[in-house]
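In: fold the following, please.
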Amino acid sequence: MVNKDNTIILGIDPGFAITGFAFLLKQKNELKVIDYGVIKTSASESFDKRLKKIYTKLDKLIRKYQPQILAIEDLFFAKNAKTAIKVGQARGVVVLCGVLNELKIYDFTPLQIKQAVTTYGRAEKTQVQKMIKLLLNLKTIPQPDDAADALAIAYACAQSLTTKL
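Out: Numbering: from 1, shown residues only. Predicted coordinates for the structure are as follows:
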């Protein structure tokens, strides 16, 4: 059950080669980073095995940290349809994992994420990363980019919780 005063949010930057994840604890008006990182799959593996690896590792992380919310980025692709379809399939696996673990799921567009973190919807990736470092009191800019993006997604969700609950 989602609780305004004590909620663990899982932010996901979906991908089939690299899926970024971040766990934030929202306690009243304070945010604490629990963990963040990436799930990597190898191009040498079959696509179905890559999807299974994403599911298995994410399920293990969810069981470990027990979030109540899954915040995931909506897909935005303008060029490569083949890549968009594969990322969409990876995103579907992530959503299924969240549903099977009974998480409340929220989708965020890149514009919403950038606005929540920087107040500017067309912010550059480096601006978002620098702000995440400051907003979450991190010593360094989170690496790799996919993990930083997952932190930004979780942060955007945390900022919108009051209106969504």
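In: hmm, what's the outermost residue in the protein?
Out: residue 44 (25.0 Å; C-alpha atoms, centre = their mean).
In: helix or strand for that residue, which one?
Out: Assigned by DSSP states H and E, residue 44 belongs to neither a helix nor a strand.
In: next one, pLDDT for it please.
Out: What the model reports as pLDDT for residue 44 is 97.
In: and it, backbone torsions?
Out: phi -80, psi -10 (degrees, to the nearest 10).
In: do residue 66 as well
Out: According to degrees, to the nearest 10, residue 66 has phi 50, psi 60.
In: which non-adjacent residue is nearest it?
Out: residue 8 (6.5 Å; C-beta to C-beta, 6 or more residues apart in numbering). Every C-beta, even on glycine, is put in place using the N, C-alpha and C of the backbone.
In: is that neighbour bridged to anything, and to what?
Out: Beta bridges link residue 8 to residue 25, judged by DSSP bridges.
In: for this structure, what spans make up the strands?
Out: Defined through DSSP state E, the strands belonging to the chain, from first to last, are 6-13, 18-27, 30-40, 69-73, 104-108.
In: of the ones you listed, give the one that comes closest to residue 146.
Out: strand 18-27 (3.2 Å; C-beta to C-beta).
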